[in-house]
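Chemist: next comes the sequence, and after it the predicted model I'd like to discuss.
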Amino acid sequence: MHRRHLRWILPAATAVVATVVAVVLVTQVGGNAACAAGGSASYYTAGRNGMCNLGTPAEGAYAAVGRAEYAGGSACGTYLDVTGPNGTTRVQVVDMCPSCPAGKVDLGKGAFARIGALSAGIIPITYATVRDPQVGPLRVKLSGGTARSSLSVVVDNHGNSLSTVELQTPSGFTALRHGEDNTWTGPSGALSVPVTLRISDGYGHQALVSDLALGQKDFQQTQTPLYGAASPSPSTVESSAAASPESSPQPSTTTVTTAAANPPPKC
């Protein structure tokens, strides 16, 4: 792995991390937090994409979680509300921290500085996954889908952990396979265009995204969110910058449905 550009390593005599025992449930504007727990945070500078291939949100509003919490890429694109000595900040999970034990979170430098002193290096925190965070409409990056390479899909601005991404074919919808690098891969062979995907999360939200083009290098900005009404992220919640209309097509997106909510994920 070459994702680590910076990491604080403190002498044993000074690297004393307080353990937070209480488990809490926190509610923040823009979504309900589930599975809150205590732990510690350090900070680092992510590579250009992070393990999740989502890019890195502005102002350091991103995080890497340990292998268990990363869950094979299921945590990619979700949001955490992280509370430290100086307040609370919201971050998007864009990376995996292979060396982090359960309860340890690696924050972007900007996010860390909002809730603790950089000079501390490691701080005690509580954090929680946010259900239905307020994010903009879905963004989708497609590659492959030709006679030489299988379709590969990365989805952003879904907020909650995704359960399925399905490709519409003449015979119906075909489920794509989710990899640890957060790519959803499909069948081999050339696809007809435009491409239509059905995207679902673990809480029963579902959206049909159509008119997606192949051969685009950047994320394609759609007009439909996975849940709720389409709206830009608030200034207090930084997310990956959307591709400009000039640089990528504007797919039409149609259906958004919300089923009964599933139970929150286990901590």
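Modeler: Right, received. Where do you want to start?
Chemist: tell me where the model's unsure across the protein.
Modeler: Along the chain, segments meeting pLDDT under 70 span 1-36, 229-267.
Chemist: excluding chain neighbours, what is closest to the residue most central in space within the chain?
Modeler: With the centre of the chain defined as its mean C-alpha position, the nearest residue by Cα atoms, centre = their mean is residue 77, 0.9 Å away. Distances taken as Cβ to Cβ, 6 or more residues apart in numbering place residue 158 nearest to residue 77, at 5.4 Å, with adjacent residues excluded. To be clear about C-beta, it is placed using only N, CA and C from the backbone, and glycine gets the same treatment.
Chemist: what's the burial count for the one you found?
Modeler: The criterion is other Cβ atoms under 10 Å. On that basis, residue 158 has 24 neighbouring residues.
Chemist: try residue 197
Modeler: Here the count is done by other Cβ under 10 Å, and residue 197 has 27 residues near it.
Chemist: count the residues that sit near residue 109.
Modeler: By the other Cβ under 10 Å criterion, the neighbourhood of residue 109 contains 15 residues.
Chemist: distance of the residue nearest to the centre of the chain relative to residue 97?
Modeler: Distance of residue 77 to residue 97, given as Cβ to Cβ, to the nearest Å: 16 Å.
Chemist: with residue 57 instead?
Modeler: Relative to residue 97, residue 57 is positioned 17 Å away (criterion: Cβ to Cβ).
Chemist: thinking again about what came up before, contacting residues around the residue nearest to the centre of the chain?
Modeler: Contacts for residue 77 (Cβ atoms under 8 Å, 6 or more residues apart in numbering) come out as 52, 54, 92-94, 155-159, 161-162, 182.
Chemist: can you rerun that using 7 Å?
Modeler: Contacts were defined as Cβ atoms under 7 Å, 6 or more residues apart in numbering; by that measure residue 77 touches 52, 54, 92-93, 156, 158.
Chemist: which of the three states applies to residue 149?
Modeler: Applying DSSP: H, G, I helix; E, B strand; the rest coil to residue 149 yields a three-state assignment of coil.
Chemist: got phi/psi on residue 59?
Modeler: Residue 59 has phi and psi values of phi 60, psi 20 when expressed as degrees, to the nearest 10.
Chemist: from the middle of its chain, how far away would stretch 72-90 be?
Modeler: Taking Cα atoms, centre = their mean, to the nearest Å, the mean C-alpha location of stretch 72-90 is offset from the chain mean by 10 Å.
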